[in-house]
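Engineer: Next comes the sequence, and after it the predicted model I'd like to discuss.
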2 protein chains.
Amino acid sequence: MSTIQDVAKLAGVSVATVSRVLNNSNLVSQDTKKLVEEAIKKLDYQPNLLGRNLRRSETKMILVLLPNISNPFYSKVVKGIEKVAHNNGYNVMLCNTDSDAKRERMYLDLLKNHLTDGVIFMAPKIEKAELAEIGKNYPVVQCCEYKEGTGVPYVSIDNFSASYMAVKHLIDIGHRRIAFLGCESKFNSAMQRKNGYIKALEDHEINFDDSIVLYGDYTFNSGFSVGHKLMALKNRPTALFAISDFMAIGVIKAIKEKGLKIPDDFAVMGFDNISFTSMYDPMVSTISQPRYDMGRAAMELILKQLQGVQCNYEELLLEHELIIRESTVK
Amino acid sequence: MSTIQDVAKLAGVSVATVSRVLNNSNLVSQDTKKLVEEAIKKLDYQPNLLGRNLRRSETKMILVLLPNISNPFYSKVVKGIEKVAHNNGYNVMLCNTDSDAKRERMYLDLLKNHLTDGVIFMAPKIEKAELAEIGKNYPVVQCCEYKEGTGVPYVSIDNFSASYMAVKHLIDIGHRRIAFLGCESKFNSAMQRKNGYIKALEDHEINFDDSIVLYGDYTFNSGFSVGHKLMALKNRPTALFAISDFMAIGVIKAIKEKGLKIPDDFAVMGFDNISFTSMYDPMVSTISQPRYDMGRAAMELILKQLQGVQCNYEELLLEHELIIRESTVK
DNA sequence: TTGTATGCGTTATCAC
DNA sequence: GTGATAACGCATACAA
């Protein structure tokens, strides 16, 4: 494994000159540049970035913390992040946190140890104060899920409006008794989506009924069991809005098992527009988030911080979209 | 940001001693150790691993190259890798290659630049010779998909037997006219699965019929269009084995659209046992790979290489399992 | 335009 | 047990 020294020796120049060639400095003559480049090729030299990183005290590496890579929602967000990162000479390090604050802290050590230059949280679990503290000392951005009042910028959607739009769609196609399937997590989005549901009912003079407000944990299984509970109700609703596609699919499966027809007997709305929704039978109506753009925006916010554009704490809410499919309209 | 120097000064010892404490060297007295630890706490000192990495010329970081994190197949494999990695003080860096050799090369630079200590390929796209060359110079393991004859160890399953088992299941439940949905990729697994199909037919005296051997690209959409083609055939098969669950689901959707009942009119087998198979309606019969264990084994092979257990080029084939669900048996 | 020399933060070798 | 000190590979301020 050859070093910059070897190259210098072979090319008959100093290491400084080699370094200049490596970094495209324009204050090096064409002739010596050629000389150096030949030496590099001859030795098959690859710079040891550990040296450079230490010297520059940066790694050109961004940490992305996501609950779980198996969640298909995040894949496109990551693509967006990667796109912008690569365009700017950064690499991305993806890490599973399992929605566990301890694991988040473990990975945050990479930041504190100077092994990554910044971090993008997809769904921070650590406490507000902790997040705020990190945000004060390092480049940090929240993407998709976020905590407010931390001073850490975020990119997301307006979950309240999105939820409102989803429920209004159910109302528009004639439903008056609409169940809600949420999550009792502390995630902002879960609460905002519930509030959107309530407001939509209110605006259309539908009474809020606590008995058809149910909770799951974002998974298919939780949706499935809620679906069965629903079918056992005396005054059964005719539609349901679930705040995750997986739960929506679980509900659909349970309802189909009971022999009901979707959407004729029962309509279901999901949230996120994961790819499965268009593979399912029936295809699932849902809310689409601009995932790729959210990823891009998040990475751009990190870059701003890295470039010391100290200025602005930003709150970016991008546009969502209603996707109407077979689970609500034939 | 304080350094080891600051700690040394505050504790009134040399940097060497601080370093010893940091690395749990046992040749340091309890008293001084306490002194140093207090200083560390007081300064909120975090070691800068860039220094350590340069000095030790290792990063305790492993690169994992996978086609796409959106493919749910890989999530559990990654979990297995992470488990073993963390137990041994390593971190894992996940990277999307989009099945593109260029992107693979880009990420391999991280290895050549000493930014990661080893690499696990989930489905290498680079040429054999290239892979062999990398394997000669760095710790490398192939996991799941692999190329033979490169000298690079791998962990996988016996795709031939797995496929044979899948087709035999269809034969066992009475099918004689069984379509095959493969992929024309150069992946070993694709070919072995086709061979397993052929052998199973042969062993049960069923004629191989080229007209019901079809190809897709692993995706739902390709399965969907093949499903429609299938339904248009004059001498329609009664069952199909797809070498990916997504394609199997695509076929199922197409068949249901034509009004056929599954499994009564048509049976479908998938491959991989992604979680979506047990959410679908019908739930999909498939072959389960020991994904978590494959990940663990792969990481263990990397560790062996890292520890200089130069010895053995290994080829590990773990056990698969037949999962019978509604798409083949009521 | 090029070379010399210093330091980034750490570990490890060698003295004591 | 502990302390000086020399690396690790590179980038850069300064000199020439």
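Structural biologist: Yep, it's here. Numbering: from 1, shown residues only, chains lettered A, B, ... in the order given.
Engineer: name the element residue A:250 belongs to?
Structural biologist: helix A:245-257 (DSSP states H and E).
Engineer: closest point of the stretch 51-200 of chain A to DNA strand D, which residue?
Structural biologist: Nearest to DNA strand D in the stretch 51-200 of chain A, going by C-beta to the nearest atom of the strand, is residue A:51, at a distance of 2.7 Å. In short, each C-beta sits where N, CA and C put it, glycine included.
Engineer: burial measure for residue A:148, as a count.
Structural biologist: Residues lying near residue A:148 (other C-beta atoms under 10 Å in any protein chain shown) number 11.
Engineer: Give me the pLDDT value at it.
Structural biologist: The per-residue pLDDT reported for residue A:148 equals 93.
Engineer: Not counting its neighbours along the chain, what's nearest it?
Structural biologist: Closest residue to residue A:148 apart from its sequence neighbours, by C-beta to C-beta, 6 or more residues apart in numbering or on different chains: residue A:188 at 6.8 Å.
Engineer: same question, residue A:123
Structural biologist: residue A:145 (3.6 Å).
Engineer: ok, the one you found touching residue A:186?
Structural biologist: No. Between residue A:145 and residue A:186 there is no contact under C-beta atoms under 8 Å: 10.1 Å.
Engineer: Neighbour count for the two, which is higher?
Structural biologist: Counted by other C-beta under 10 Å, residue A:145 and residue A:186 do not tie: residue A:145 has more neighbours, with 21 against 9.
Engineer: and that one, what does it touch?
Structural biologist: When contacts are counted by C-beta atoms under 8 Å, 6 or more residues apart in numbering or on different chains, residue A:145 is found next to A:121-124, A:156, A:187-189.
Engineer: what about 6 Å?
Structural biologist: A:123, A:187, A:189 (C-beta atoms under 6 Å, 6 or more residues apart in numbering or on different chains).
Engineer: how about the helices in chain A?
Structural biologist: Assigned by DSSP state H, chain A shows helices spanning A:4-11, A:15-22, A:30-43, A:49-56, A:73-87, A:101-112, A:128-137, A:159-172, A:188-203, A:220-231, A:245-257, A:291-306.
Engineer: Please name every helix or strand in contact with the third one.
Structural biologist: In other words, helix A:30-43. helix A:4-11, helix A:15-22 (3 or more C-beta pairs under 6 Å, 6 or more residues apart in numbering or on different chains; DSSP states H and E).
Engineer: who in chain A is up against DNA strand D?
Structural biologist: A:1, A:3-5, A:15-16, A:19-20, A:22-23, A:47-52, A:54-56 (C-beta under 7 Å from any atom of the strand).
Engineer: would you turn the helices and strands packed on helix A:30-43 into CSV with mean pLDDT and distance to residue A:240?
Structural biologist: Formatted as CSV, the helices and strands packed on helix A:30-43 follow (pLDDT from 0 to 100; distance: least, C-beta to C-beta, whole Å):
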stretch, mean pLDDT, distance to residue A:240
helix A:4-11, 96, 64
helix A:15-22, 96, 60
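Engineer: With respect to chain B, which of those helices lies nearest?
Structural biologist: helix A:15-22 (11.8 Å; C-beta to the nearest C-beta).
Engineer: Spell out which parts of chain A neighbour DNA strand C.
Structural biologist: So chain A meets DNA strand C at A:12-17, A:20, A:27-29, A:31-33, A:51, A:54-55, A:57 (C-beta under 7 Å from any atom of the strand).
Engineer: ok, 6 Å please
Structural biologist: A:13-17, A:27-29, A:32, A:54-55, A:57 (C-beta under 6 Å from any atom of the strand).
Engineer: okay, who's weakest in these by pLDDT?
Structural biologist: Lowest pLDDT among these: residue A:27, 87.
Engineer: What is the burial count for the residue nearest to that residue when sequence neighbours are not counted?
Structural biologist: Using C-beta to C-beta, 6+ apart and skipping residues adjacent in sequence, the residue nearest residue A:27 is residue A:20, 6.9 Å away. Using other C-beta under 10 Å, residue A:20 has 18 neighbouring residues.
Engineer: Residue A:20 contacts residue A:28, doesn't it?
Structural biologist: Yes. Judged on C-beta atoms under 6 Å, residue A:20 makes contact with residue A:28 at a distance of 4.8 Å.
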